[in-house]
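Asker: next input, structure requested:
(one chain, ligands or ions: 3)
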Amino acid sequence: VGHCWRTIFRSCHRFSSNFVNCNLATQTFTVFLISNSIIHLALCFGVLYLSYVERARQHRWRCSDVTFHCSDGVLRQQWIQTIREQLTALTSRPKHLLVYINPYGGKQQGECIYEQKVAPLFACASISTDVIVTEHANHARDHLKTEAELKKYDGVVCVGGDGMFSEIVHGLVSRTQRDNGVDQNSPEEKLVPCSLRIGIIPAGSTDCICYATVGINDPVTSALHVIVGDSQPMDVCSVHHNNTFLRYSISLLGYGFYGDVLADSERKRWMGPARYDFSGFKTFLTHHHYEGAVSFLPATDILGTPRDKTRCRAGYVTLPNLCFCSIPEYEVGWGVVRGKFLAINAASMSCACPRSPMGLSPAAHLADGTTDLILVRKCSRFNFLRHLLRHTSKDDQFDMTFVEVHRVRRFRFTPRHCQNDSELDLRENGKQLFSQICRDHPACSCSPAYSSWNCDGEILPHAAIEVGVHCQLIKLFARGIEEQPLFEDLANPQCAL
Ligand SMILES: Nc1ncnc2c1ncn2[C@@H]1O[C@H](COP(=O)(O)OP(=O)(O)OP(=O)(O)O)[C@@H](O)[C@H]1O
Ligand SMILES: CCCCCCCCCCCCC/C=C/[C@@H](O)[C@H](CO)NC(=O)CCCCC
Ligand SMILES: [Ca+2]
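Answerer: Ligands and ions are numbered 1, 2, ... in the order given. Below is the predicted model:
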């Protein structure tokens, strides 16, 4: 038992090894240890075939096979029976999944990725699926909200990017609230957590939710996390304007820089994932700032700050009842910051992705009921570039005089030219007016009055918003980023799943 499952698999290719000679209790215990990594078991002409999960480099998981031979029929039956019993006891594993594929996400490879890499693994693990290839935007959201027979399933899987995941979250959260009589339009309402877990097979442009919960955007790895039945709770922010629900956010709410990048990049979807690099560079050159007031309720009763050197890793747990999930009746303790901002970002999780491997807020937690509010005040282009480049390195992006960061439970933003009901008209007129002025004075450095909010890659229609964090509202088929073992250590006992 002092070996890990991988070593046992390797050393037990014949049942006559020392391991098989030890008593049945020890065998059972060892099979218990290794069973979580087994995804398939087959017996053919006395030969036992096992498929199991193996760790590889950079948080990747892979499926491997091993064959056992045993001439002793009684011993063979004991093995098979024990493994089957252990697999049956793993009740967290899904048996029936609802799968949505976005054929147009990222490089438009969603269907191909699912058919070639994921479906064979689900079949191998005896998971049955109902697959829907979406026909239009919000198809998955609306199907989940109104039609899907959710009782039939143990989870929902989406094949796509952050936008597709966001559709699934909106569908599931809205359905759960409706089924429980909760009004989403009230910012004070405590939302009911969703019972179905969500799996993400990455096939998008940023894949930040997948990257920050698994450590890599790799379809096979994500499929294996679904198969072994992992569970990772996650916070969800609700966004309201004038007591009207707008959207949920799981990763980034960004006004100013990230809002402008998104608004520009949406017109260039034909460029695929490269649209973000193009629009990012263009937006950096325009260097617009936006005036307004940010008020926020700091999270005072927590361990940790956004400037910590520690990272959110697998196994980090916050009890949901320690989080204040609904708005307090009185607003003692709110802070306010007024000024001109290049960017206002709220990162409810690290937002790590291939473009920014540490993320916008490297120390943010997935499920602690808080969001990291990052305020980047107006500064020179050179300083802003220094700040942005730190998103791509290990240097502290908050260690700059024009950047401040607060870990908060709620916040509000009010643009300087306060909005009213005709805000949208004003914004449109304002944009036209400013673009006219800027065309007339190409050298002028004026900024438009409003930016847009980038809400997980979707543009919000209002600039004035109110945001609250709902602790652990959803669960993913993931386990958080695991500490990276050295490759040569992968066969050690702590590497057992
Ligand atoms: N069949 C479809 N046709 C057109 N749009 C769709 C379809 N299905 C889903 N969508 C929409 O496509 C948008 C983008 O999808 P997705 O998130 O999968 O890819 P992405 O934007 O390239 O990646 P990322 O969000 O990671 O940057 C989503 O907002 C989703 O609502
Ligand atoms: C001038 C050089 C600047 C270099 C700076 C690079 C910094 C990259 C940080 C990327 C952070 C992504 C946060 C995730 C946001 C997602 O919810 C969203 C939907 O997928 N993606 C974007 O909005 C896409 C946002 C892409 C922005 C580039
Ligand atoms: Ca969080």
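Asker: residues making contact with stretch 375-394?
Answerer: 256-257, 284, 287, 289, 294, 337, 339-345, 355-360, 396-397, 400, 402-406 (C-beta atoms under 8 Å, 6 or more residues apart in numbering). All C-beta atoms are positioned from the backbone trio N, CA, C, and that covers glycine.
Asker: three-state assignment of I200?
Answerer: strand (DSSP: H, G, I helix; E, B strand; the rest coil).
Asker: one step back: what subset of the contacts of stretch 375-394 is buried?
Answerer: 256-257, 284, 287, 289, 294, 337, 341-345, 355-356, 358-360, 397, 400, 402-403, 405-406 (16 or more other C-beta atoms under 10 Å).
Asker: nearest the geometric middle of the chain, what residue?
Answerer: In the chain, the residue lying closest to the centroid (C-alpha atoms, centre = their mean) is I209, at 2.3 Å.
Asker: so where does it fall, helix or strand?
Answerer: Assigned by DSSP states H and E, I209 falls within helix 208-214.
Asker: that helix close to ligand 2?
Answerer: Yes - contact of helix 208-214 with ligand 2 (C-beta under 6 Å from any ligand atom) involves C208.
Asker: just the CA trace of that helix, in PDB.
Answerer: Taking C-alpha atoms only, helix 208-214 is exported to PDB below (Å, rounded to 0.1, in the frame of the first residue of the first chain):
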ATOM      1  CA  CYS A 208     -10.200  32.000 -18.900                       C
ATOM      2  CA  ILE A 209     -12.800  30.100 -16.700                       C
ATOM      3  CA  CYS A 210     -11.400  26.800 -17.800                       C
ATOM      4  CA  TYR A 211      -7.700  27.900 -17.500                       C
ATOM      5  CA  ALA A 212      -8.200  29.400 -14.000                       C
ATOM      6  CA  THR A 213     -10.100  26.300 -12.600                       C
ATOM      7  CA  VAL A 214      -8.000  23.500 -14.200                       C
END
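Asker: which other helices and strands contact that helix?
Answerer: The criterion is 3 or more C-beta pairs under 8 Å, 6 or more residues apart in numbering; DSSP states H and E, and the helices and strands that helix 208-214 contacts are helix 162-179, strand 197-202, helix 219-227.
Asker: does ligand 3 have contacts with that helix?
Answerer: No - under the criterion of C-beta under 5 Å from the ion, helix 208-214 makes no contact with ligand 3; the nearest approach is 10.5 Å.
Asker: is that helix positioned near ligand 1?
Answerer: No - Helix 208-214 lies out of reach of ligand 1 by C-beta under 6 Å from any ligand atom, never closer than 6.7 Å.
Asker: for that helix, what is the average pLDDT?
Answerer: Summarised as a single mean, pLDDT over helix 208-214 is 96.
Asker: and for it, what are the contacting residues?
Answerer: The contact list for helix 208-214 (C-beta under 8 Å, 6+ apart) reads 59, 162, 165, 200, 202, 217, 221-222, 225, 232, 234, 250-252, 349-354, 359, 366, 476, 478, 480-481.
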